[in-house]
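Undergrad: Could you work out the structure for the sequence below:
(2 chains)
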Protein chains: 2
Amino acid sequence: MKIKSIKGSVVAPMGFSAEGVFCNIKRIGTGKGSSKGPKPDLALIVSDRPASIAGMFTTNQVCAAPVKVCLSRVARGTARAVVVNSGNANACTGRQGLLDAREMTRLAGARLKIPSGQILVASTGRIGVPLPMAQVQAGIQSAAAGLGATPDHAGRAAHAIMTSDTRRKEVALECVLGRHRIRIGGICKGAGMIHPGMSPSGRRPVSLPRELHATMLGFLTTDAAVEPDALQWVLTEAVATSFNRITVDGDMSTNDTVLLLANGAAGNTALRLGRGGRPSRELLQFQEAVQQACALLARWMVEDGEGVHRVVTVRVEGARNTAEADAAARAVSNSALVKTSWHGGDPNWGRIIDALGYSSARVVERKVDIGYSARDGRKILWSLKGGQPTRVSFAALCRAVARPTFDLHIRLNLGRGRAALQAADLTEAYVDFNKGDISDPASMGG
Amino acid sequence: MKIKSIKGSVVAPMGFSAEGVFCNIKRIGTGKGSSKGPKPDLALIVSDRPASIAGMFTTNQVCAAPVKVCLSRVARGTARAVVVNSGNANACTGRQGLLDAREMTRLAGARLKIPSGQILVASTGRIGVPLPMAQVQAGIQSAAAGLGATPDHAGRAAHAIMTSDTRRKEVALECVLGRHRIRIGGICKGAGMIHPGMSPSGRRPVSLPRELHATMLGFLTTDAAVEPDALQWVLTEAVATSFNRITVDGDMSTNDTVLLLANGAAGNTALRLGRGGRPSRELLQFQEAVQQACALLARWMVEDGEGVHRVVTVRVEGARNTAEADAAARAVSNSALVKTSWHGGDPNWGRIIDALGYSSARVVERKVDIGYSARDGRKILWSLKGGQPTRVSFAALCRAVARPTFDLHIRLNLGRGRAALQAADLTEAYVDFNKGDISDPASMGG
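TA: Next up, the predicted model:
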């Protein structure tokens, strides 16, 4: 199947419109990503007809009010619109927070003439601060008035959901399913508190690591017709291999949310799961396209992570099982010492094998291989084989890790479990950004 | 029982001598802690008679050669001396590493006229580099020739085991057990790769968290007479509440080792465990003194942690059980976002409740209390009660976390589990130090 990149992100699929506006939820000009002048902080994404809906939500036990609202509404199977604010997470805001999240959907519904139960909501920003509802209300009015389907409209929506991001993250793909041309669009945000572990229910499935940690928000649209069950299957699979496979700082947020709306405007026969939940060939093709969109967005998120200079793909093979491969990859990817050595361009495999050794994966020192390659490269430069340093020169290893992006290959040689994670280095810039500016409480990200 | 602080650390107990010398194991003048001129890098601690021995060792699955040698020798119950080098971890050095570790004990034994099986060995420094045995041999000769029992001798030994430490860590205490005055001395090192999780066997007991992470070395001496079983019980208890309750960066080392030698020179009747393993009153008193020595050394280690500006005692109460209290304390203490906010003097409780929420401890948002006090202070300033922000002003909270050291109080209000951890902030200085200097491979800590 050919998948083509097109313009317009969330409004590329037919029947969708969007807008992003500034309504002063956070202060003007704060945050690393702020452009000159006010950065938009409220976005609307609207389908002109009811859409099937699928969602993935943080498995953090402390979850924000908008996540709670979405969890109950996604279960209904259809929705029409999403309202999103940045600058305030509406988390740890108690009963008032829940009322405010519902009020956001009521205000949007009233303005768009859609029942409020058909509106979803997401927030990102500081934790524990009540939403400034007057500003939010003005923002919803103004965003609804400005809705449109040009790439500029989508771009403003992508900008409005940003917090510490330095650039917009937008994707749109087009492919042909049977006789129908369909489109998938997406935007996302997230630069810190990035270690998503999302599930459809917000509860932890057994396969998810117990210690996960980001606010990331992702909103995808498609004009394909897909039944809700099939759409959830597509999104769950796509997130499992994209957003749930990245880490910037190992901190899982209270607000992580990915939503996918499928409005059927392309006119195909609705894609569905077959008997026993088996996907049809067309559904598999659709899934592949959604996965590609999510993978691009997830990669950009790590590349734009707070203070990130290097992105490293950690590939673990030969673990006793997938869960152990994942645990090994996460221990290495979240080790402060490994991350600082990446920052320094230091091929310090000693810190890597140390992290493997304290991970919950079974590791036998004399079986461990550690090597480096260019991104997705075939030629691996092995620094360690069977637990012993190879004769590869230190200079050659330094060159391998001097690249802005490279693959780290870890083979435990104990079984067939494998996992990969997109990880980032830890820099002075990350620390400087996150130590905050206590002279301005409103500027501090949650 | 009165416990008095005295001079001389490891040589304060009768019958012990020590020395630290420079033998060029790592290069001259490297490392944050290096004084002007060559820093000593090889230490000997010697008892003039056989001593009971107890040990605690890293539970990292990848453990260094000297740890393997100690594990088998501590089981014999007695020893006479410890030989220690810094600048090279002798980890991931394969069969040659094991031969080299044993050779260190043979060289020391030959020089001291002690069977090599009575000598213990420890190393700290870069992983994966063969020990420079010619230098080690010269160092052992020179240290053995210089052995003495003055505070200066002990100070040189304390200096020789340092890597990135900026200052020596030495303690000596004196107390009276029954009719006998006994002394306990100790030195330790460790500033990075500090998240010890040690056990007597090097295997993970159920009660230890699965993801632990330092090189720390600690050497304690006493002239009390204590039987080996009782001595191991004393050390296990003391480490559980001191060295195993600190974290600098969440990385558990391949080399963590604490040894305690009890030579009986004080002339007391040997302390022993009673029926069913119950400690006698005198053994409990002795344990209290050892624990106090370990607690002081552990605290100094966090305070001297790489780049550390603030030390925070994280106190979790009301978890469902002790293991969950510990998991909650470790999630908060190792969160990059929490640690950077401490650095910035930012009372960002949103990041704290976020970390609690993704920990493996059960957390119910509306039950969580979060507060601050002066170190060991009684007056707690609550920023969050029942999951909701209190009316305490932001300025007052800022003052509470502006101190170089403070206590963070977390109450989960779900049960009676409690745990405390001494944690550190994450600073630009930590990142700068650990990104290494690839122009000088020998300077990079393991």
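
Undergrad: Just give me the longest strand of chain A.
TA: strand A:42-58 (DSSP state E).

Undergrad: That one: what's the following helix or strand?
TA: Downstream of strand A:42-58, the next assigned helix or strand under DSSP states H and E is helix A:65-74.

Undergrad: So that following helix, near chain B or not?
TA: No - Helix A:65-74 stays clear of chain B (C-beta under 8 Å from any C-beta of the partner chain), getting no nearer than 10.4 Å. Just so you know, the C-beta spots here come from the backbone N, C-alpha and C atoms, and that holds for glycine as well.

Undergrad: Could I get the average pLDDT for that helix?
TA: Here helix A:65-74 scores 95 as its mean pLDDT.

Undergrad: Could you do stretch A:359-373 as well?
TA: Throughout stretch A:359-373, pLDDT has a mean value of 94.

Undergrad: buried set for that stretch?
TA: A:359-363, A:365, A:368-373 (16 or more other C-beta atoms under 10 Å in any protein chain shown).

Undergrad: Then stretch A:1-15?
TA: For stretch A:1-15, the neighbour count (16+ other C-beta under 10 Å) marks A:8-15 as buried.

Undergrad: which one among those gets closest to residue A:353?
TA: Distance to residue A:353, by C-beta to C-beta, is smallest for residue A:9 among the buried residues of stretch A:1-15, at 41.9 Å.

Undergrad: and whatever residue of the stretch 51-200 of chain A ends up closest to chain B, what is it in contact with?
TA: Nearest residue of the stretch 51-200 of chain A to chain B: residue A:127, at 2.7 Å (C-beta to the nearest C-beta). Shown in contact with residue A:127 (C-beta atoms under 8 Å, 6 or more residues apart in numbering or on different chains): A:64, A:89, A:91-92, A:254, A:446, B:349-351, B:353-354.

Undergrad: any idea which of these is least confident?
TA: Lowest pLDDT among the contacts of residue A:127: residue A:446, with 39.

Undergrad: hang on, the earlier thing: name the nearest residue to the residue of the stretch 51-200 of chain A closest to chain B, ignoring sequence neighbours.
TA: Distances taken as C-beta to C-beta, 6 or more residues apart in numbering or on different chains put residue B:350 closest to residue A:127, at 2.7 Å, once the chain neighbours are dropped.

Undergrad: Likewise for residue A:336?
TA: Setting aside the residues directly before and after it, residue A:336 is nearest to residue B:249 in space (C-beta to C-beta, 6+ apart), at 4.2 Å.

Undergrad: next one: residue A:263
TA: Spatial nearest neighbour of residue A:263, chain neighbours left out: residue A:51 (3.9 Å); criterion: C-beta to C-beta, 6+ apart.

Undergrad: Surely the one you found touches residue A:260?
TA: No - using C-beta atoms under 8 Å, residue A:51 is not in contact with residue A:260, being 9.0 Å away.

Undergrad: one step back: so what's the residue nearest to residue A:263 up against?
TA: Neighbours of residue A:51 in contact, by C-beta under 8 Å, 6+ apart: A:78-80, A:221, A:261-264.

Undergrad: can you rerun that using 6 Å?
TA: Residue A:51 makes contact with A:261-263 under the criterion C-beta atoms under 6 Å, 6 or more residues apart in numbering or on different chains.

Undergrad: confidence score at it?
TA: 98.

Undergrad: Over to residue A:249?
TA: Per-residue pLDDT puts residue A:249 at 84.

Undergrad: roughly how far apart are it and residue A:307?
TA: The gap separating residue A:249 from residue A:307 is 9 Å, by C-beta to C-beta, to the nearest Å.

Undergrad: quick one: which of those two has more around it?
TA: residue A:249 (28 against 23; other C-beta atoms under 10 Å in any protein chain shown).

Undergrad: Just the C-alphas of stretch A:168-179, formatted as CSV.
TA: Taking C-alpha atoms only, stretch A:168-179 is exported to CSV below (Å, rounded to 0.1, in the frame of the first residue of the first chain):
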residue,chain,number,x,y,z
ARG,A,168,4.5,22.4,15.8
LYS,A,169,4.1,18.7,15.2
GLU,A,170,1.7,18.0,12.3
VAL,A,171,1.3,15.1,9.9
ALA,A,172,-1.2,14.1,7.2
LEU,A,173,-1.1,11.0,5.1
GLU,A,174,-3.3,9.8,2.2
CYS,A,175,-3.7,6.2,1.0
VAL,A,176,-6.2,4.1,-1.0
LEU,A,177,-8.3,1.5,0.8
GLY,A,178,-10.1,-0.6,-1.8
ARG,A,179,-11.7,1.9,-4.1
